[in-house]
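Enquirer: Here's a sequence, model it:
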Amino acid sequence: AQLVESGGGLVQPGGSLRLSCVASGFTFSSYHTSWHRQAPGKERELVAVITSGSISRHYADSVKGRFTISRDNAKNTVYLQMNSLKAEDTARYYCFAYNIQADRGYWGQGTQVTVSS
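Expert: Presented below is the predicted three-dimensional model:
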């Protein structure tokens, strides 16, 4: 089982990025997925969650109105559209897939997002 993130990079404040996370080796459509981030010296924090069938989405207060999580089960992919980026969004972003019934989860290796002028 594997999750591979992409789409990170260096962007100016106010800019946008779209992160992607492609899953393989497990039944992606049965897993809830989420994006997390970790800045240097800080704990990993939850950014956004989307349920397996895209019925529900939840966001951290710090990103509400700026970030959008979505998924395409046909492509085994979850996305994070990030708009109006701020310096405090700088972190390594990780995707996570979790199946409640199996009590099993998988992490990706992360992709770095740096917001700086």
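Enquirer: What is the neighbour count of residue 113?
Expert: 22 (other CB atoms under 10 Å). Placement of C-beta: from N, CA and C, glycine included.
Enquirer: Setting aside sequence neighbours, what's the nearest residue to it?
Expert: Using CB to CB, 6 or more residues apart in numbering and skipping residues adjacent in sequence, the residue nearest residue 113 is residue 8, 4.7 Å away.
Enquirer: Look up the pLDDT of the one you found for me, please.
Expert: Here, the pLDDT recorded for residue 8 equals 97.
Enquirer: just use 361 as the starting number from now, easier for me
Expert: Happy to do that; since the first residue is 361 now, the last one works out to residue 368.
Enquirer: Is it correct that it is in contact with residue 379?
Expert: Yes - using CB atoms under 8 Å, residue 368 is in contact with residue 379, at 6.5 Å.
Enquirer: ok, the two, which is more surrounded?
Expert: The residue with more neighbours, out of residue 368 and residue 379, is residue 379; 23 against 19, by other CB under 10 Å.
Enquirer: in what helix or strand does the more buried one lie?
Expert: strand 377-384 (DSSP states H and E).
Enquirer: who's in contact with that strand?
Expert: For strand 377-384, contacts defined as CB atoms under 8 Å, 6 or more residues apart in numbering pick out 361-369, 371, 391, 393, 395, 435-442, 445, 453, 455, 457, 466, 468, 471, 473.
Enquirer: Which of those residues fall within strands?
Expert: If you go by DSSP state E, those have 362-366, 369, 371, 393, 395, 437-442, 453, 455, 457, 466, 471, 473 in strands.
Enquirer: Now, of those, which are buried?
Expert: 363, 365, 371, 393, 395, 437-440, 442, 453, 455, 457, 466, 471, 473 (16 or more other CB atoms under 10 Å).
Enquirer: just to revisit the earlier point, anything in contact with each of residue 368 and residue 379?
Expert: Joint contacts of residue 368 and residue 379 (CB under 8 Å, 6+ apart) are 453, 471, 473.
Enquirer: In contact with the spatially most central residue of the chain, which residues?
Expert: Nearest to the geometric centre of the chain sits residue 395, at 2.7 Å (CA atoms, centre = their mean). By CB under 8 Å, 6+ apart, residue 395 lies in contact with 379, 381, 406-408, 429, 438, 440, 453-456.
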